[in-house]
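[1] Let's see this in three dimensions:
(one chain, ligands or ions: 2)
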Amino acid sequence: MLVVMKRDTTPQNVERVCQVIREKGFTPHVMPGAVRLAIGVTGNQGFVEIENLEGIDGVLEVIHVTSPHKLVSRDVHPEDTVVTVAGVAFGGKEVVVMAGPCAVESREQVMLIAREVKRLGARMLRGGAFKPRTSPYAFQGLKKEGLEILAEARAETGLPIVTEVKDTDSLELVASYADLLQIGARNMQNFTLLEEVGKLRKPVLLKRGMSATIKELLLAAEYIMSQGNYQVILCERGIRTFEDSTRNTLDLNAVPVLKGLSHLPVVVDPSHGIGLWSKVTPMARAAVAAGADGLIIEVHHDPQRALSDGPQSLTPKSFAALMTDVRRIAGAVDREVAGGE
Ligand code: PEP
Ligand code: MN
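    Ligands and ions are numbered 1, 2, ... in the order given. So this is what the prediction gives:
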């Protein structure tokens, strides 16, 4: 259910509506919009009926939302949501580029890459400190030391950091360093983790599971939002298909489909999406043309020696070429890429 408030409504009217919703055992979610404020109602198993809501001062109308994902849905919030991460806005005119290594490997590695991607126009630094690896013998990340290195790179370059949180045990630690908390593809349906990040008030980058449908991705975002954390950015990162020429199949259909169904910003990860460094730039161009609000790109100064995802990592030189192309495409679709010298 969605309670749409009149344009000139008062905070007292809003609180009165929330109180009535709480009294019925449901949860109100106040969602301010550019033109009017709405209050989403969750906690119900089916159709909710709250008598006399329409009679409360300031209420314009009560709409029954039938989609299973309510808070993520455009029905509830018709305008695009802008999620701001340490001053960087996702979902506005800017196409935000995040870049950095797959994994934090050393201080020297991160500092070198951070300076390069900042110079070339990245607005955020990526890097995993807790790495979810297919093999237990593969490099698992530098953990706390990795987070400290990222914080040092942030202090020097001014780039906010996005890093993965792998489990609830390390959530508090990772959240104390990250500006944007990444939930990886393998954890998209870790419902306990989703609920725990939902209790924080920190932005979340939610990556699509490798075999997840668009509806499942939206329901995973709903888990986070249902706990009161509305700062969610969705990420298409490729799905598993029968195709084996590429690591994954980057589902660019998801960009316009997600933008149609949801008000949340959508970013694309062409690095994991295709898995081949020489094909990352064309897919980045296509993502921006399709309407992505941002990109997340793996960059390594020495991909052949990278401890993870070297084959899909761009060198700073090839990242520079990607940025040139992406700026041109962004201009063609009335968007812009800020940043860079
Ligand atoms: C990553 O960003 O390095 C990563 C592990 O991504 P995904 O969860 O999409 O595989
Ligand atoms: Mn990676």
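[2] Which residues of the stretch 201-341 of the chain lie near ligand 1?
    With C-beta under 6 Å from any ligand atom as the criterion, the stretch 201-341 of the chain meets ligand 1 at residues 207, 237, 272. For glycine as for every other residue, the C-beta is placed from the backbone atoms N, C-alpha and C.
[3] Report pLDDT for the last one.
    Looking at H272, its pLDDT is 98.
[4] How about the stretch 151-300 of the chain: which residue is closest to ligand 1?
    G184 (3.0 Å; C-beta to the nearest ligand atom).
[5] Quick one: neighbours of the residue nearest to L37 when sequence neighbours are not counted, just the number.
    In this structure, L37 finds its nearest non-sequential neighbour in M5, 4.7 Å apart by C-beta to C-beta, 6 or more residues apart in numbering. Each residue near M5 was counted by other C-beta atoms under 10 Å, and the total is 23.
[6] Count the residues that sit near the residue in the stretch 51-200 of the chain that ligand 2 sits nearest to.
    Nearest residue of the stretch 51-200 of the chain to ligand 2: C102, at 3.3 Å (C-beta to the ion). By the measure other C-beta under 10 Å, the count of residues near C102 is 24.
[7] contacting residues for the nearest residue to T10 once chain neighbours are set aside?
    Excluding the flanking residues, the one nearest T10 by C-beta to C-beta, 6+ apart is G58, at 6.4 Å. G58 is in contact with 5-6, 9-10, 13-14, 16-17, counting by C-beta atoms under 8 Å, 6 or more residues apart in numbering.
[8] now do A332
    A289.
[9] Now it. Its backbone dihedrals?
    Main-chain dihedrals, A332, degrees, to the nearest 10: phi -70, psi -20.
[10] cool, the one 5 residues further on as well?
    According to degrees, to the nearest 10, the main-chain angles of V337 amount to phi -110, psi 110.
[11] Kindly report the same for P28.
    According to degrees, to the nearest 10, P28 has phi -90, psi 140.
[12] shouldn't it be in contact with R16?
    No: P28 lies out of contact with R16 (C-beta atoms under 8 Å); the separation is 10.7 Å.
[13] what about burial for the contacts of G58, which qualify?
    The neighbour count (16 or more other C-beta atoms under 10 Å) marks 5, 9, 13-14, 17 as buried among the contacts of G58.
[14] Assumed F139 was part of a helix.
    No: judged by DSSP: H, G, I helix; E, B strand; the rest coil, F139 forms no part of a helix; its state is coil.
[15] Quick check: pLDDT value at it.
    Taking F139 on its own, its pLDDT is 97.
[16] Now it: closest residue in space that isn't a chain neighbour?
    Nearest non-adjacent residue to F139 (C-beta to C-beta, 6+ apart): L307, at 4.2 Å.
[17] Which segments of this protein make up each domain?
    2-63, 83-332 (automatic domain parsing).
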